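In: Mind looking at a prediction? Sequence and model below.
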Amino acid sequence: MLDEKKVKQIVAEVLKQVDLQDRIKPGTIPVGVSGRHIHLSQEDLDLLFGPGYQLKVMKDLSQPGQFAAEECVMLIGKKGIIEKCRILGPVRKATQIEISVTDSYTLGVPAVVRDSGDTKGTPGLVVVGPKGAINLKEGVIVAARHIHMHSKDAEKFGLKDMDRISVKTSGPKALIFCNVLVRVSDQFALDFHIDMDEANAGNIKTGDRVELIA
């Protein structure tokens, strides 16, 4: 006969698997919650950290090849300062800062919602690093909510690049997120990206799942 301890272990494992299957339903999409961060061009990275500086990887992110760097910078707006803004790598062609609406109040910059990369006419601010500072003329955005999809995932969902869809969360503070941009590439992994304000509104954390509804 199995002893009581072994029986409890088996029951716990069964319940764990049942719970996992209940949470990860077929056709759902994992959530990635993004805190404020900055993407730097190599030119701006050199100005902030010194010529030829290379970012140090702190941890890999959900998207292949993307990482959170050990380095942070200071953001200075018209009304306030954010002392630590994480740099995400690798470097890009142009510098872009992604903040939440709450951060925009702290900094005193307009909360301009844009798709990533669409920074023309957006606010700027001062970025300070250990070796220098840059007066960024534009590039501060509140990133529009979006889903990264591998082409195989897009085919499964019947979607294409640049589609706009709606997704639904679950739980006591369930929400429907509308106007979600779909980005499709063979270089992407399936992930629904929202910022901290959106996550807090729905009591959502990284690893939760959302359901595509339209």
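Out: Arrived safely.
In: Domain map for the chain?
Out: 27-32+145-212, 35-143 (automatic domain parsing).
In: Can I get these in CSV including mean pLDDT and mean neighbour count?
Out: C-beta coordinates here come from the backbone N, C-alpha and C atoms, glycine included. Listed next are those as CSV, based on pLDDT from 0 to 100; neighbours: other Cβ atoms under 10 Å:
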stretch, mean pLDDT, mean neighbour count
domain 27-32+145-212, 96, 17
domain 35-143, 97, 17
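In: Provide the partner residues of the residue positioned nearest the centre of the chain in its beta bridges.
Out: The residue lying closest to the centre of the chain (Cα atoms, centre = their mean) is residue 34, at 3.2 Å. Judged by DSSP bridges, the bridge partners of residue 34 are residue 195.
In: ok, it - contacts?
Out: By Cβ atoms under 8 Å, 6 or more residues apart in numbering, residue 34 lies in contact with 98, 143, 193, 194, 195, 196.
In: how about those in a markdown table, adding distance to residue 83?
Out: Converted to a markdown table, these look like this (distance: Cβ to Cβ, whole Å):
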| residue | distance to residue 83 |
| --- | --- |
| 98 | 17 |
| 143 | 21 |
| 193 | 24 |
| 194 | 24 |
| 195 | 19 |
| 196 | 16 |
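In: Out of those, which is nearest to residue 132?
Out: residue 98 (21.9 Å; Cβ to Cβ).
In: is it true that the closest one touches residue 38?
Out: Yes: counting by Cβ atoms under 8 Å, residue 38 is a contact partner of residue 98 at 7.4 Å.
In: and residue 174, which of the three is it?
Out: coil (DSSP: H, G, I helix; E, B strand; the rest coil).
In: In contact with it, which residues?
Out: So residue 174 contacts 168, 202 (Cβ under 8 Å, 6+ apart).
In: switch the cut-off to 6 Å
Out: Listed by Cβ atoms under 6 Å, 6 or more residues apart in numbering, the contact set of residue 174 is empty.
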